[in-house]
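> sharing a sequence plus its predicted fold:
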Amino acid sequence: MAQTITHDITVLAKAIHCAGCEARIQSVLIKMPGVQDVKADHKTQKISLTLDSENSSIQELKEKLEDLGYSTE
């Protein structure tokens, strides 16, 4: 049985500047296997997502964010 977990990821260096950045992050991450919901917030520099851990890991998502230019904790 798949385990669905909600994660909060903090982006460093205030890299999420605007609603466009939020939309870019959300559109890329929601396409990844196991991601069920994504919400990026430029005011808090946080990304909240729901992930089915059998299909992707939080580390894979952080690596994808790095590829997009967003460093994470």
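Perfect, thanks for sending it. Numbers count the residues shown, from 1 in each chain.

> OK, contacts around the residue nearest the centre of the chain?
Per Cα atoms, centre = their mean, the C-alpha nearest to the average position across the chain is that of I47, at 5.1 Å. By Cβ atoms under 8 Å, 6 or more residues apart in numbering, the contact set of I47 is D8, I9, V11, I16, I25, L29, V38, K39, A40, D41, L65. For glycine as for every other residue, the C-beta is placed from the backbone atoms N, C-alpha and C.

> helix or strand right after the one helix or strand C21 maps to?
With secondary structure defined by DSSP states H and E, C21 is part of helix 19-29. The C-terminal neighbour of helix 19-29 among helices and strands, as given by DSSP H and E, is strand 35-41.

> report the contact partners of S53.
Applying Cβ under 8 Å, 6+ apart as the definition, the contact partners of S53 turn out to be A2, Q3, T4, I5, G34.

> where does pLDDT dip in this structure?
1-2 (pLDDT under 70).

> could you list the residues in contact with the helix or strand Q59 falls within?
For Q59, the element it lies in under DSSP H and E is helix 58-68. Residues outside helix 58-68 that contact it (Cβ under 8 Å, 6+ apart): 7, 9, 11, 24-25, 28-29, 32, 35, 47, 49, 51, 71-72.

> any of these buried? List them.
I9, V11, R24, I25, V28, L29, V35, I47, L49, L51, T72 (16 or more other Cβ atoms under 10 Å).

> those: which two are farthest apart?
Taking Cβ to Cβ as the measure, these span a maximum distance of 18.8 Å, between R24 and L51.

> check for me that S48 belongs to a helix.
No. The secondary structure assignment for S48 gives strand rather than a helix, going by DSSP: H, G, I helix; E, B strand; the rest coil.

> which ones are touching it?
Counting by Cβ under 8 Å, 6+ apart, S48 has contacts T6, H7, D8, I9, D37, V38, K39, D41.
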